[in-house]
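1. Show me how the following folds:
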Amino acid sequence: MTTATRVELAIGGMTCASCAARVERKLNKVDGVTATVNYATEKAQVSFPGRLSVDDLKAVVEAAGYSARLPEPEAKEKTPRNRLLVSAALTVPLIALAMVPAWQFPGWAWAALALAAPVVTWGAWPFHRAAAVNLRHATATMDTLISLGVVASVAWSLYALVFGGGHHHLYFEVAAAVTTFILAGRYFETRAKRRAGAALRALMELGAKDVTVLRDGAEHLVPVADLREGDLFLVRPGEKIATDGVITEGGSAVDTSMLTGEPVPVEVGPGDAVTGATVNVGGRLFVRATRVGDDTRLAQMARLVEAAQNGKAGAQRLADRVSAVFVPLVVLAALATLVVWLATGGRPDQAFTAAVAVLIIACPCALGLATPTALLVGTGRGAQLGILVKGPEVLESTRRVDTVVLDKTGTVTTGRMTLVEGAGEALRLAGAVEAASEHPIGRAIAEAAKQRFGPLPAVTDFRSTPGVGVTGVVDGRMITVGRAEADGATAVDVTWDGEVHGRLVVADTIKPTSARAVAELCALGLMPVLLTGDNAGAARAIAAEAGIDEVVAEVLPEEKVAVVKRLQAEGRVVAMVGDGVNDAAALAQADLGLAMGTGTDAAIEASDLTLVRGDLRAAADAIRLARRTLSTIRGNLFWAFAYNVAALPLAALGLLDPMIAGAAMACSSAFVVSNSLRLRRFR
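-> All right, here's what the predicted structure looks like:
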């Protein structure tokens, strides 16, 4: 079995969804190649076998009449701005001359020809060139329709002017106006697509450019690209953290809003992990690099977002199939319109006008933009809020979900043991003994004691008995800290001089935002289920605090999968939220997997959505955003289809002027893009 290679190609020369469908079809015809071409991003994601090269793929694309190259991050976006400005400057007086009889001086028709000639040749040249390429390859795209409409209008007008002797049935202004309107549509569409992809570009540009590395006892300022795993680097107040790492020295607050959407800075200290591109807003930090380059969380986020933006939802695959056959059918419809008008006694100029209007109005451009632009904006906005969507099919899953299974530890709760009850001398002495322990319960007691009493006395003769407790001598007294019974938490008794002097209760506490998050999930129509390997008492206590009625406790990792399967067998569509290695299988089994970004790589890899910030409210935000994006896609496709269905009969019946048709076509694309851009305001 050969290993497939993946590459991204920037495709040049595409002007509509039919172009993208054609390039995709040509690439997929090559044995072993799997390709997806996105019209909005103008990129192709291609998987190909080792016997082929990137040059072979480029040759296939070029043979189809388009260009292909490896993406250049700094490449400037080309727009038809100059053609638009010149064409508009000539078209405005041309329309005025044609539409206002009082301004039509002797020989005005020749002046109209002079004004129209640069527009219909140089201005419309991109359409004519693309149509010629399509003709050479026996295909047709939107450019074919535009070029045919413009050429037919000019040819008819020249015939009428030279041989007809009349000035009443000239279409120079129609040809020029259609060209100008469509150039304007392309220009604003290009600008809108850049705005739609702005979130991803901003994400990719977040990282620091330089870093202060400590080598041989000295500070060296080097480019981030030269940073290596294991390097120790310095982060001063106000600087971006260069890469993922662990703090070795210093304490500060870190602003993670650019990656998580969470505005409150996070307090960090020695031993805490930090993420590249976040900002140090407090003191100096010394950080040991644990991930560099393409392995960092920022790079992984960018890859996830781009992969989602380049994918296709089911509705878009239908639109692609429609677009692929749409243009030839429109050409046939235009010819049929011409024949029917002439056969039923219509005047030649009426027949011609109706046929040209059919050619121009039936552009499938809006269909091609409907899904990609909404995906661009929705997934980009999600990245800004710390929500990463793995693919467009995920959006379709979110609408059907009716049950959300929540892992307890680290998802609903903090995942850290915290002292919830106990004080006084018992806490001070127990903290001194537990300071020598590595057990999570012991660490929780020791940290609480240090916070309340400061430095703790030393312990001697420390002993630990697994499952029982610890003993040690503090201030000349033998202190025993041993397990006790407590409902829903872990309790220890503190004993000295043969007498219990106090009870300390430690628990994994609920996150401050979890109850609100559960309420938001319920408001979305989801039934929450708490799933945990912890004991039933602790699980019920957390569930009651979070507002969850259904609890499944004391399950092993493999049993978590069985629980998800059981719920699915009951007819429920299940979303699973988790953060640990033990959640990975259940996340993969669920209809929709949501991984907390603060969790393990295994959980993140198995999920469909990644919540970068460790706040369960992000799960509700993610589902709302996904549903809103899918709703926008469906709205775009409805109006794109409805526009063509409604406009084609009007054009065929002669009720739609070709000039108005050109403007309406440009407006349909503008509507789809602007409707998608509304997702940028999602909160």
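
2. So the nearest residue to K560 once chain neighbours are set aside, which state does it fall into?
-> Nearest residue to K560, sequence neighbours excluded (CB to CB, 6 or more residues apart in numbering): A586, at 4.1 Å. (Each C-beta comes from the backbone N, C-alpha and C, glycine too.) What DSSP: H, G, I helix; E, B strand; the rest coil gives for A586 is helix.

3. shift numbering so it begins at 59
-> Got it, the first residue is 59 from now on, which makes the last one we talked about A644.

4. Per-residue pLDDT of G372, please?
-> Model confidence at G372, given as pLDDT, is 54.

5. these two touch, right, W161 and L155?
-> Yes: W161 lies in contact with L155 (CB atoms under 8 Å); the separation is 5.7 Å.

6. the more surrounded of those two?
-> Neighbour count, other CB atoms under 10 Å: between W161 and L155, L155 has more, with 19 against 11.

7. got the contact list for the helix or strand hosting that one?
-> In this assignment (DSSP states H and E), L155 forms part of helix 139-157. With CB atoms under 8 Å, 6 or more residues apart in numbering as the test, helix 139-157 has contacts from 161-162, 166, 169-170, 173-174, 176-177, 180-181, 183-184, 228, 230-231, 234-235, 237-238, 241-242, 245, 717.

8. In strands only, show me these.
-> Counting by DSSP state E, no part of the contacts of helix 139-157 is found in strands.

9. List buried residues within those.
-> Among those, the ones that count as buried by 16 or more other CB atoms under 10 Å are 170, 173-174, 176-177, 181, 184, 228, 230-231, 234-235, 237-238, 241-242, 245, 717.

10. rewinding a little: for the residue nearest to K618, give me its contacts.
-> By CB under 8 Å, 6+ apart, the neighbours of A644 are 463, 465, 589, 615, 618-619, 621-622, 634, 636, 651.

11. one more time with 10 Å, if that's ok
-> 463, 465, 589, 613, 615-623, 632, 634-636, 651, 661, 664 (CB atoms under 10 Å, 6 or more residues apart in numbering).

12. which of these are buried?
-> Buried among the contacts of A644 by 16+ other CB under 10 Å: 463, 465, 589, 613, 618-619, 621-622, 632, 634-636, 651, 661, 664.

13. for this structure, what's the longest strand?
-> Per DSSP E, the chain has its longest strand at strand 557-568.

14. roughly how far out does it sit from the chain middle?
-> 45 Å (CA atoms, centre = their mean, to the nearest Å).

15. and the helix or strand that comes right after that strand, which residues are buried?
-> Per DSSP H and E, the first helix or strand lying C-terminal to strand 557-568 is helix 572-581. Within helix 572-581, the residues scored as buried using 16+ other CB under 10 Å are 572-576, 578-579.

16. Can I get the helix or strand following helix 572-581 in CSV? Just the C-alpha atoms.
-> Heading C-terminal from helix 572-581, the first helix or strand you meet, by DSSP H and E, is strand 585-589. Extracted C-alpha coordinates of strand 585-589, given in CSV (Å, rounded to 0.1, in the frame of the first residue of the first chain):
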residue,chain,number,x,y,z
MET,A,585,-30.6,16.8,27.2
PRO,A,586,-27.4,16.7,29.4
VAL,A,587,-26.0,13.4,30.8
LEU,A,588,-23.1,13.4,33.2
LEU,A,589,-20.7,10.5,32.5
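
17. Check the gap between the closest residue to D460 other than its chain neighbours and M200 for me.
-> Closest residue in space to D460, ignoring its immediate chain neighbours: V631 at 5.3 Å, by CB to CB, 6+ apart. Applying CB to CB, to the nearest Å, the value for V631 to M200 is 39 Å.

18. Need phi/psi at the residue most central in space within the chain.
-> Nearest to the mean C-alpha position of the chain, by CA atoms, centre = their mean, lies T437 at 2.1 Å. Here is the backbone geometry of T437 (degrees, to the nearest 10): phi -70, psi -30.

19. cool, T467 as well?
-> In terms of degrees, to the nearest 10, the main-chain angles of T467 are phi -70, psi 120.

20. do G71 as well
-> phi 90, psi 0.

21. Against D533, how distant is it?
-> In terms of CB to CB, G71 sits 82 Å off from D533.

22. Looking at these two, which is more packed in?
-> Of the pair G71 and D533, G71 is the one with more neighbours under other CB under 10 Å, namely 19 against 12.

23. so who does the more buried one touch?
-> Contacts of G71 by CB under 10 Å, 6+ apart are 77, 81, 100, 119-120, 122-126, 184, 187-188, 191, 201.

24. For the stretch 59-208 of the chain, just list every one of the helices.
-> 75-86, 112-121, 139-157, 166-176, 183-194, 200-217 (DSSP state H, counting those that start in this stretch).

25. cool, the stretch 209-358 of the chain as well?
-> Going by DSSP H, counting those that start in this stretch, the stretch 209-358 of the chain shows helices at 230-254, 256-262, 315-318, 355-368.

26. ok so, going back, and the helices of the stretch 59-208 of the chain as CSV, adding distance to R739 and mean pLDDT?
-> Below are the helices of the stretch 59-208 of the chain laid out as CSV (distance: least, CB to CB, whole Å; pLDDT from 0 to 100):
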stretch, distance to R739, mean pLDDT
helix 75-86, 26, 84
helix 112-121, 37, 91
helix 139-157, 27, 88
helix 166-176, 41, 92
helix 183-194, 33, 85
helix 200-217, 30, 81
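
27. With respect to E505, which of the ones you listed lies nearest?
-> helix 112-121 (54.9 Å; CB to CB).

28. Specify the beta-bridge partners of V532.
-> Applying DSSP bridges to V532 yields these beta-bridge partners: R535.

29. Contact partners for it?
-> Contacts of V532 by CB under 10 Å, 6+ apart are 486-491, 493, 514-520, 554.

30. Mind telling me the two of those residues farthest from one another?
-> Maximum distance among the contacts of V532 (CB to CB): 18.1 Å, for R486 and D519.

31. Okay, and which of the contacts of A644 map to strands?
-> Using DSSP E, the contacts of A644 in strands are 463, 465, 589, 632, 634-636, 651.

32. Look up phi and psi at T336.
-> Backbone torsions for T336, taken as degrees, to the nearest 10, come to phi -80, psi 160.

33. That one contacts G444, doesn't it?
-> No: here T336 does not reach G444: they are 11.6 Å apart, not a contact under CB atoms under 10 Å.

34. Show me where the stretch 259-408 of the chain has its strands.
-> Ranges of strands in the stretch 259-408 of the chain, per DSSP state E, counting those that start in this stretch, are 268-273, 276-281, 290-293, 302-307, 310-313, 324-326, 331-332, 337-338, 343-349.

35. Make TSV from these and add mean neighbour count, distance to A604 and mean pLDDT to it.
-> Converted to TSV, these look like this (neighbours: other CB atoms under 10 Å; distance: least, CB to CB, whole Å; pLDDT from 0 to 100):
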stretch	mean neighbour count	distance to A604	mean pLDDT
strand 268-273	16	41	88
strand 276-281	11	46	87
strand 290-293	21	36	91
strand 302-307	18	31	91
strand 310-313	19	27	83
strand 324-326	18	22	80
strand 331-332	18	26	88
strand 337-338	22	32	86
strand 343-349	20	33	91
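
36. would you turn those strands into JSON lines with distance to E603?
-> Compiled in JSON lines, the strands of the stretch 259-408 of the chain are given as follows (distance: least, CB to CB, whole Å):
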{"stretch": "strand 268-273", "distance to E603": "43"}
{"stretch": "strand 276-281", "distance to E603": "48"}
{"stretch": "strand 290-293", "distance to E603": "37"}
{"stretch": "strand 302-307", "distance to E603": "32"}
{"stretch": "strand 310-313", "distance to E603": "28"}
{"stretch": "strand 324-326", "distance to E603": "23"}
{"stretch": "strand 331-332", "distance to E603": "28"}
{"stretch": "strand 337-338", "distance to E603": "33"}
{"stretch": "strand 343-349", "distance to E603": "34"}
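
37. Out of those, which gets nearest to R692?
-> Here strand 310-313 is closest among these (CB to CB), at 36.9 Å.
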